[in-house]
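Peer 1: Fold the following and give me the result.
(2 chains)
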There are 2 protein chains.
Amino acid sequence: MTSIVLFGSTGSVGVNTLRVVEAFPGRFQVAGLTAWKNHRVLEKQIRKFKPRVVAVADEQVAGQLRRRCRDLSVTIGSGVEGMVQVASMPEAQVAVSAIVGAAGLIPTLAAIHSGKQIALANKETLVMAGELVMREARARGVSIIPVDSEHSAIFQLLHGQRRQDLRRLVLTASGGPLLRLPLGRQARVTPEQALRHPNWKMGPKITIDSATLMNKGLEVIEARWLFDVEPARVDVVIHPQSLVHSLVEYQDGSMLAQLGMPDMRGPIAYALSHPERLALPIPSLDLARAKSLTFEEPNRKQFPCLGYAYDALRAGGTMPAVLNAANEEAVWAFLDRRIPFTSIPRVIRAAMKAHDVKPVYELSDVMAADRWARDRARRAMKITGQDKGVART
Amino acid sequence: MTSIVLFGSTGSVGVNTLRVVEAFPGRFQVAGLTAWKNHRVLEKQIRKFKPRVVAVADEQVAGQLRRRCRDLSVTIGSGVEGMVQVASMPEAQVAVSAIVGAAGLIPTLAAIHSGKQIALANKETLVMAGELVMREARARGVSIIPVDSEHSAIFQLLHGQRRQDLRRLVLTASGGPLLRLPLGRQARVTPEQALRHPNWKMGPKITIDSATLMNKGLEVIEARWLFDVEPARVDVVIHPQSLVHSLVEYQDGSMLAQLGMPDMRGPIAYALSHPERLALPIPSLDLARAKSLTFEEPNRKQFPCLGYAYDALRAGGTMPAVLNAANEEAVWAFLDRRIPFTSIPRVIRAAMKAHDVKPVYELSDVMAADRWARDRARRAMKITGQDKGVART
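Peer 2: Residues are numbered from 1 along each chain as shown, chains lettered A, B, ... in the order given. Next comes the predicted model:
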């Protein structure tokens, strides 16, 4: 029996994690859950999975939830303290890190410190603090197993292979909902259009990141740390069908690919049970029915964010955290209709240009860069909101 | 240093094996070579690779070769005895079995008996006597590592995975040079047309087998024994680009594929060095340049031979040997312009219908079925040659 704590239980990966847990009742149990503020869904999860400890972001929401769960013997905390309490639960062996955004970093690091294996869906953990996090994980003997489909594919394809034989990693990208939109029409894209992902049902932040290809940029950074591969050996190819989840190439010219119907339960279950593969009710991929798998080079002009991610890796230190924070602020502003779609890369580029890179010795270095970049991005967008000019330089 | 003996050194796989050996001089050496009758190429190989023992099919050719190689200290034998001498060389650890057709079976079995690891390109060994050969190999602690691209792909994709998690194998087939030829025009196909394989440069027998899809049928039988998988879990999909060499599906819905530029050195080198991968000068597969990988169901009406292979597996015992022998006779007759292309499946079907299946206890059971089927096929074709009727029933 594997006992797990799950950070971000009401999000897309969180809900799918609980579907996997539910399908294998003799195999997994839930010790702790955390969520942001969706207390209705969280309450249902508490009643079904009976965690011992739960945390939400906000103390007011925690209070509400405590009243609604009076009949249950569950401890409900809030804020960073509550999250860290769940992350440190001694009875759990595995932490599923499924919070979206920078908020996932602290509970994930706390779980590493308490010696838990990490099933990592929160890419920001490695984007912001990859070197730091991997160093901590090595020091504690903790494995970090990817949950997103691309890195899970690569993790599956590296299993049993000799690392010194590796030539390169190839991350596939669907290209998102705007792949065929002419560059000139990007400025008028509405949140509704950008949220219409062709293949995957995901949360709003990551769906917008798919539309800008920043999602792939963040994944390049994640892959660099997760698999300890220099950035020049991480390639990206557009594959609109999202059936090939990623590839690995070896020095004998052999490429291995992982394919399957898009279903997050696959990577989640693999992260929890590898190298065993659970009998999941995911249908076989019928290649003859799929007919054609297509590939193309990403258009760097249309999707500048991908290049910014490589730039941030090259700059090193605090720059990836700045890239991530500025992007996060810009995406939420776009979703709130405060900036146009085309301003997302502009806000990021302006923050990166203004940033004075510092080395990362500890978490506070990352958090300072994160705060600085958010502040910088917000100010740029405020000015943009007034005269629609400055952030476009 | 791995010392190898190579059966069929002047054929397509043989020549590529020697290219791999040549590229890694500190790693491989050639102890013995066998060839059919191409003494010119063989002499060059002897001078370059300096084997201690060599054998050719025919004593007259052996005599010629002995005269030409008077200045070298090489022992040159002939016939089955010569082949078995090479197969039994004590200094070699690996036998590369690259003879085309039924003639590959006896030296391969001899190499297994002498305890050598087998790099197997000769599919007839497993088609004719799969159960027997695998039993012998297990008894001697001998591994049989596939060399053809499809089975090498599957072998690579099973490495490091739990066999009990396997859902199915998917062999890819290019569909050969006649894939888009309407059924009604098959009767007039010339050997030249059928030999024009779109992707792979191979010997004539295997190229015709690609055109009838019998090659894939033989591979289904080979996969059944090599990987110990029941036939219902071996699928075939047409993939005209020959870039995905085969796939494996696991019970979590995850499919793994092996891809690469079509180059036999890849599978040959993997068979000789696995799980290590040698740094081969095979270029990376550029997916964006390949653009599209397409897949379709095989048309069983257009390619009846594929179905016959599954039928032969179902019938068991001596039937796969009959399928193979009748096919071999029919293909050579077609290449000699003695029968039309469309008679190939008819000759096979007629032999299978007339065959009284017997269990296989030892090699002589297989050889008897092989002789019976060749005789039956030849007689049918002779009659066909006269009145163009009987073999078409």
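Peer 1: for the stretch 251-393 of chain A, what spans make up the helices?
Peer 2: Ranges of helices in the stretch 251-393 of chain A, per DSSP state H, counting those that start in this stretch, are A:265-273, A:287-290, A:304-315, A:319-335, A:343-354, A:363-387.
Peer 1: Using CSV, write down the CA coordinates of the fifth one.
Peer 2: So the one you mean is helix A:343-354. Taking C-alpha atoms only, helix A:343-354 is exported to CSV below (Å, rounded to 0.1, in the frame of the first residue of the first chain):
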residue,chain,number,x,y,z
SER,A,343,1.5,41.5,-24.9
ILE,A,344,2.3,38.2,-23.1
PRO,A,345,5.7,37.7,-24.8
ARG,A,346,6.4,41.5,-24.6
VAL,A,347,5.8,41.6,-20.8
ILE,A,348,8.2,38.6,-20.4
ARG,A,349,10.9,40.0,-22.6
ALA,A,350,10.8,43.4,-20.9
ALA,A,351,11.2,41.8,-17.5
MET,A,352,14.1,39.6,-18.7
LYS,A,353,15.8,42.6,-20.3
ALA,A,354,15.5,44.6,-17.1
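Peer 1: so what does that helix touch, helix or strand wise?
Peer 2: On a contact count with 3 or more C-beta pairs under 8 Å, 6 or more residues apart in numbering or on different chains; DSSP states H and E, helix A:343-354 meets helix A:204-212, helix A:304-315, helix A:319-335, helix A:363-387. Where C-beta positions appear, they are placed from N, C-alpha and C, glycine not excepted.
Peer 1: Nearest approach to chain B belongs to which of those?
Peer 2: helix A:304-315 (14.1 Å; C-beta to the nearest C-beta).
Peer 1: which one is A:His245 nearest to, not counting chain neighbours?
Peer 2: Nearest residue to A:His245, sequence neighbours excluded (C-beta to C-beta, 6 or more residues apart in numbering or on different chains): A:Ala153, at 3.7 Å.
Peer 1: After the helix or strand where A:Val21 lies, which helix or strand is next?
Peer 2: A:Val21 belongs to helix A:12-23 when assigned by DSSP states H and E. Sequence-wise, the next helix or strand downstream of helix A:12-23 (DSSP H and E) is strand A:28-35.
Peer 1: Just the buried residues of the next helix or strand after that following strand, please?
Peer 2: Of the helices and strands lying after strand A:28-35 in sequence (DSSP H and E), the nearest is helix A:39-49. Residues of helix A:39-49 classed as buried: A:His39, A:Leu42, A:Glu43, A:Gln45, A:Ile46, A:Phe49 (neighbour count, 16 or more other C-beta atoms under 10 Å in any protein chain shown).
Peer 1: Just give the nearest non-adjacent residue to A:Gln29, would you?
Peer 2: A:Ser3 (5.3 Å).
Peer 1: What is the neighbour count of that neighbour?
Peer 2: 17 (other C-beta atoms under 10 Å in any protein chain shown).
Peer 1: Equivalent analysis for A:Phe341, please.
Peer 2: Neighbours of A:Phe341 under the rule other C-beta under 10 Å: 23.
Peer 1: Would you quantify the distance from it to A:Ser9?
Peer 2: To A:Ser9, A:Phe341 is 31 Å away according to C-beta to C-beta, to the nearest Å.
Peer 1: Show me the contact partners of stretch A:313-325.
Peer 2: Stretch A:313-325 is contacted from outside by A:102, A:124, A:127-130, A:217-218, A:220-221, A:224, A:231, A:308-309, A:311-312, A:348, A:351-352, A:355, A:357-360, A:365-366, A:368-374, A:377, using C-beta atoms under 8 Å, 6 or more residues apart in numbering or on different chains.
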